[in-house]
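Enquirer: here are the coordinates; sequence isn't available:
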């Protein structure tokens, strides 16, 4: 049997195959652009924060007439509106368009990852983006802010783990991309500009089941896309698939390892294919 080593071209081919296989497995978990003027698959609820139990169990009628998911009502206040979608992924990418309004209430929330809130507020978990037009928060002269918050399940304790503010007007439509890797590192992009890069020192994995939009009247969300890759360029190149995927549970235990941007399953498949091709080339040399 020959002891010839693989030439550089063969190695390049193998590496290319390995990367192509992994990139191909970066898949769409779910998305919704509301172009059908419907909120299919969403569960909605009216929240009244003046009540001892604010979750009224009453269905909220979100406005989807303009192809977006808009919080209904006229005057914000104690009445908020909650829209929830099944989404158990906790490592990957979240993309959406948001319309920030300068309303009297000043803020609203996008829960990227949350549990089912069965024991709210005693034992609830979540990672939340807060969008605010409140002057002076978090900086004295800010005209808007985005805060990444963690709800850690201990009597409604909210911890700010990353924040960004601006002295320019934040109201209007914006494109948001958030990635989270297997180490719990978050990158938040606003209109393709990285505004938050932070690692949660005590990340939570494998306990999330929903995506939520929580707002008083006015703000809206649209073009929501959830991917199983952390690679920002793959996310930016995303195009709508031919068929709409259903939300599927994607458990991600804390011990999971992988390369940022590539799910561990696709790494394993890619590695196995590479080993088989390498073995074949060695036999033929």
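Expert: Perfect, I can see it now. Everything numeric in this text was worked out from a predicted model, so none of it was measured. Residues are numbered from 1 along each chain as shown.
Enquirer: what ranges does the chain have for its helices?
Expert: 8-24, 232-236, 264-284 (DSSP state H).
Enquirer: by mean pLDDT, show me the worst of those.
Expert: Lowest mean pLDDT within those: helix 8-24, a mean of 47.
Enquirer: let me see the contact set for residue 36.
Expert: Residue 36 is in contact with no residue at all, counting by C-beta atoms under 8 Å, 6 or more residues apart in numbering. No exception for glycine: its C-beta is placed from N, CA and C like everyone else's.
Enquirer: got any ranges where the chain has weak pLDDT?
Expert: 1-26, 74-77, 118-122, 136-137, 154-156, 244-285 (pLDDT under 70).
Enquirer: which residue lies nearest the spatial centre of it?
Expert: residue 94 (2.8 Å; C-alpha atoms, centre = their mean).
Enquirer: name the nearest residue to it, ignoring sequence neighbours.
Expert: Nearest residue to residue 94, sequence neighbours excluded (C-beta to C-beta, 6 or more residues apart in numbering): residue 178, at 4.6 Å.
Enquirer: residue 185 is in contact with the one you found, correct?
Expert: No. Applying C-beta atoms under 8 Å as the test, residue 178 and residue 185 come out as separate, 11.2 Å apart.
Enquirer: with neighbour numbers in mind, choose between those two.
Expert: Legend: neighbour count by other C-beta atoms under 10 Å for residue 178 and residue 185, higher for residue 178 (21 against 15).
Enquirer: quick one, what contacts the more buried one?
Expert: 93-95, 112, 129, 186-189.
Enquirer: from these, which single one is nearest residue 84?
Expert: Among the contacts of residue 178, residue 112 lies closest to residue 84 (C-beta to C-beta), at 12.6 Å.
Enquirer: what about stretch 171-188, how long is it end to end?
Expert: Stretch 171-188 has an end-to-end distance of 18 Å (C-alpha to C-alpha, to the nearest Å).
Enquirer: buried ones in it?
Expert: Within stretch 171-188, the residues scored as buried using 16 or more other C-beta atoms under 10 Å are 174, 176-182, 184, 186-188.
Enquirer: against residue 81, how distant is the residue nearest to the centre of the chain?
Expert: Look at residue 94 and residue 81: by C-beta to C-beta, to the nearest Å, they are 20 Å apart.
Enquirer: please enumerate the strands of the stretch 51-200 of the chain.
Expert: For the stretch 51-200 of the chain, the strands defined by DSSP state E, counting those that start in this stretch cover 69-70, 79-86, 92-100, 107-114, 125-132, 144-152, 158-166, 172-180, 185-190, 193-199.
Enquirer: walk me through the domains of this structure.
Expert: What automatic domain parsing lists as the domains of the chain is 1-25+262-285, 29-260.
Enquirer: out of those, which is the most enclosed?
Expert: Per residue and on average, the most neighbours among these fall to domain 29-260, with a mean of 17 (mean count of other C-beta atoms under 10 Å).
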